[in-house]
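Colleague: For reference, the sequence and a predicted model appear below.
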Amino acid sequence: PAIPITYTFKNWNAETNTMMLTPPPDLDSSTPVAPSYRITISLNMNPFLPISYKTSIYRPLGGSSTDETLLGQFEIAINYSRSVLTMGDISTRISNVLTQINFSSRHWLWNLHSVTLRWDCRTTLEDGTTMCICYSTDASKSQLATFIPPPIQASPPLPDPVLTVFPDGHEFFDHLLISCLIIERMLTM
């Protein structure tokens, strides 16, 4: 797409621990957008591993709302002692893919499958929300996306988190989605 598109994380279901990432409903039908993704979260209580959160992201196949494929998943222990990412044919420690820039816990470099992204989450909005901005690392250094989660300290009802993907970012959509979810998990633990 030649325009920025804002996707919304919504319909959190506490019974199934599931949410959807959906494109805006009012887009012109000629604008190609990513389909709705399903995101599930579970708690891994394996007695031989630290307790951890496991997040799985599913992409629909074709036009069907019931057929889907696992895009990727990540698992982060509550005490950070274990963090693993599986995406495509790669399974690795998150620290091999996502590294801090200048020792900042809010500035990250993502490098996987020849895709390198720079996430800068050092901006705080007036309501206390962290705003993460993703840039390319090539010579253009163009803005690829922004991610705005709900403010952690706000009273309910919280606004829906949003991921805005800019024209240069659409080709990296899967990486943008998984990396922003990992970073958000790390910022809130």
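Modeller: Yes, it's here.

Colleague: Give me the neighbour count for the nearest residue to Pro159 once chain neighbours are set aside.
Modeller: Nearest residue to Pro159 in three dimensions, chain neighbours excluded: Pro150, at 5.4 Å (Cβ to Cβ, 6 or more residues apart in numbering). All C-beta atoms are positioned from the backbone trio N, CA, C, and that covers glycine. By other Cβ atoms under 10 Å, the residues close to Pro150 number 16.

Colleague: wait, Pro150 sits on Pro157?
Modeller: No - distance between Pro150 and Pro157: 9.3 Å, which falls outside the contact criterion (Cβ atoms under 8 Å).

Colleague: coming back round to it: the residue nearest to Pro159 in helix, strand or coil?
Modeller: coil (DSSP: H, G, I helix; E, B strand; the rest coil).

Colleague: And for Lys141?
Modeller: Looking at Lys141 with three-state DSSP, the answer is coil.

Colleague: nearest residue to it other than its sequence neighbours?
Modeller: Nearest to Lys141 is Tyr135, by Cβ to Cβ, 6+ apart, at 5.5 Å.

Colleague: How far away from the center of its chain is the helix or strand containing Ile133?
Modeller: Ile133 belongs to strand 130-136 when elements are defined using DSSP states H and E. Strand 130-136 has its C-alpha centroid displaced from the chain centroid by 11 Å (Cα atoms, centre = their mean, to the nearest Å).

Colleague: Parallel or antiparallel, which strands does it pair with?
Modeller: Sheet pairing of strand 130-136 (DSSP bridges) gives strand 115-124 (antiparallel), strand 143-148 (antiparallel).

Colleague: Just say which of those strands is most tucked in.
Modeller: Among the strands paired with strand 130-136, strand 143-148 has the highest mean neighbour count (mean count of other Cβ atoms under 10 Å), at a mean of 22.

Colleague: ok, the following helix or strand past that strand: who's next to it in the sheet?
Modeller: Moving toward the C-terminus from strand 143-148, the next helix or strand (DSSP H and E) is strand 162-165. Taking DSSP bridges as the criterion, strand 162-165 sits next to strand 5-13 (antiparallel), strand 143-148 (antiparallel) in its sheet.
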